[in-house]
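Engineer: For reference, the sequence and a predicted model appear below.
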Amino acid sequence: MILSFVLEQGKDIPIPANPLFQPFHFQKQQQALIIESSAAMERNDSHARKQSASKRHAKFDFSQSTATHFTSESEIAAYINWINTQLASDTDLAEHLPIPLGKENALFEACNDGLLLCKLINNSVPTTIPEKVINKKPKSIIHRHENLQRALAGAVKIGVQVHNLSAEDLLQGTPHLCLGLIWQVIKIGLLQNVSPVGPESAHNSTQDMPSKADPSTQSLERALLKWVNGTLARLDAPVRIGNFGTDLSDSVALAFLIASFDDSDAKAREILAEADILKRAERTLEYAARFDCRHFASAGDIVGGNKNLNLAFVAVLHNLKVAREKNAAVRIELEGAKEDAEAKLLRVASSKDVELKRLKMQLQDMTEDAERLKEERDALETELNDYKVAAEGQEEYSAQADMLRTQLAGLEEELRASKKLNETVTSSFESLTHTVSEVYSAKEDLEKKLQSSRQNITNELPALQGQLNAANLKIMELEMENQMLRENLADLRYSNCL
């Protein structure tokens, strides 16, 4: 309705020849018309707004702790979407999420047991409320009050202003108080990655900054403004902003902020060529969806200058940019570490190559030594086998020698016995020979005596003949004995020769 009024009022407004580079005078005129028409409509329709206030609840100026009225359903929807997205994976909230859109009081009813608020605070600033003290199944009124008290204490801990806000207000689901608490918790979480600056660091005016805001939050908002203007300056954007309300309603700054994620600002300049600022805002949000950062603000919120939702949208862009820069820094650091590691690996590999060559040469030398030692071992084994064979033959020879020595000892013993026997036989033979000689000598004497006394012993002849026969017998016996001795002597001499 406001937009149609503005378009009707803006029919006679001259449009610059180049809408891409000179659209801003026309846009400012459109914005002024929007503000003027909004004021006129508010004056004309104040009675209707008062009648619909109970249905739409109250509007809370979320940057402050004072309650005003006229809140839009888009803010409630934006907070519901954010909560559903951020806490979707929390199994403790299975009975609370997703919060349905369009259902009256659904958000406030989901918050009245304190569990969702505790989880939302921990999502904004992790570990603010210990998980073990949260009642995960708050069935009784006591458990709900405990959760709500812990949620309020946690909110104060992270910097939320909770003046005149009690657990009973949250339990009853007082709309403007619940929304005020939810917005401040969400805002503090969104500004966690923003580096604070002093009051003098803000680039332009801070006309839409809440005067009663927490000093640290105000500093973070100024720092976010400074970041926006610094980014716009780096991109050579034609605008700078001093607030998150009307200064963003033409979508120029937002389009260039989103272009900081892209390779160039061509898409942003293409979007800015759109003269219809509502369509331009929608195209800007479509551009943001390409980088998964379309949150909080709708096209109507941007054109209408909703500073809370616009601030949240810009904070999302900032957090995404910070995350990307951190990832890029980590990537650069990892690449540097990778290059260092590759250089070290190359040096190690080079040293390893040198060491490997040295080890190969050493291995070759050791292999040659091993071959030489193997040959020496084979030669020694052959020699050892020969020695073993020789030793085995030597053992046979030794056994035979021992046997021969034994036999020789026996033969020597026999020889000694034979010598003794030979000596005995020789002595006997000599004695016998002497006896024979004596016998022959006696025979000769007898023959002589016989011849001499033949004549004398004719009468004694038979007696003498008997003696002669006896002597002959004796001689024959002696000759036989002598023959036997000769044979024995011959055998002994033969044995001695062997």
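Structural biologist: Thanks, I have the structure now.
Engineer: Could you measure from residue 245 over to residue 302?
Structural biologist: 10 Å (CB to CB, to the nearest Å). The C-beta positions use only the backbone N, C-alpha and C, and glycine is treated the same way.
Engineer: same thing with residue 428?
Structural biologist: Taken as CB to CB, the span from residue 428 to residue 302 is 164 Å.
Engineer: and what of residue 294?
Structural biologist: 11 Å.
Engineer: if you count what's nearby, which of these two comes out ahead?
Structural biologist: Neighbours per residue, other CB atoms under 10 Å: of residue 294 and residue 302, the larger number sits with residue 302, 24 against 17.
Engineer: which SS class is residue 89?
Structural biologist: Classification of residue 89 by DSSP: H, G, I helix; E, B strand; the rest coil places it in coil.
Engineer: and if you look at residue 291?
Structural biologist: Assigned with three-state DSSP, residue 291 falls in the coil class.
Engineer: Also the one 10 residues further on?
Structural biologist: Put simply, residue 301 is helix when judged by three-state DSSP.
Engineer: try residue 481
Structural biologist: Residue 481 ends up helix, using three-state DSSP.
Engineer: and stretch 428-442, what's its mean pLDDT?
Structural biologist: Per-residue pLDDT values across stretch 428-442 average out to 75.
Engineer: got the buried residues for it?
Structural biologist: Taking 16 or more other CB atoms under 10 Å as the basis for neighbour counts, the residues of stretch 428-442 that come out buried are 429, 432, 436, 439.
Engineer: other SSEs contacting the longest helix seen in the chain?
Structural biologist: Longest helix in the chain, counting residues (DSSP state H): helix 307-453. In terms of contacts (3 or more CB pairs under 8 Å, 6 or more residues apart in numbering; DSSP states H and E), helix 307-453 is packed against helix 73-86, helix 175-190, helix 215-234, helix 252-259, helix 299-304, helix 461-497.
Engineer: Centre of the chain to that helix, how far?
Structural biologist: The gap between where helix 307-453 is centred and where its chain is centred comes out at 52 Å by CA atoms, centre = their mean, to the nearest Å.
Engineer: And stretch 187-197, by the same measure?
Structural biologist: 35 Å.
Engineer: Contacts made by it with the rest, please.
Structural biologist: 62-63, 123-125, 158-160, 216-217, 219-224, 226-227, 308, 311-312, 315-316, 318-319, 322-323 (CB atoms under 8 Å, 6 or more residues apart in numbering).
Engineer: Buried ones among those residues?
Structural biologist: Neighbour-count burial (16+ other CB under 10 Å) is assigned, among those, to 62-63, 123-125, 158-160, 217, 219-224, 226-227, 308, 311-312, 315-316, 318-319.
Engineer: Give me the phi and psi angles of residue 241.
Structural biologist: Main-chain torsions, residue 241, degrees, to the nearest 10: phi -120, psi 160.
Engineer: show me what contacts the residue nearest to it when sequence neighbours are not counted?
Structural biologist: Closest residue to residue 241 in three dimensions, ignoring its sequence neighbours and counting by CB to CB, 6 or more residues apart in numbering: residue 247, at 3.8 Å. Listed by CB under 8 Å, 6+ apart, the contact partners of residue 247 are 239, 241, 253.
Engineer: would JSON lines of the residues you listed with neighbour count be doable?
Structural biologist: Conversion of the contacts of residue 247 to JSON lines gives the following (neighbours: other CB atoms under 10 Å):
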{"residue": "239", "neighbour count": "16"}
{"residue": "241", "neighbour count": "24"}
{"residue": "253", "neighbour count": "25"}
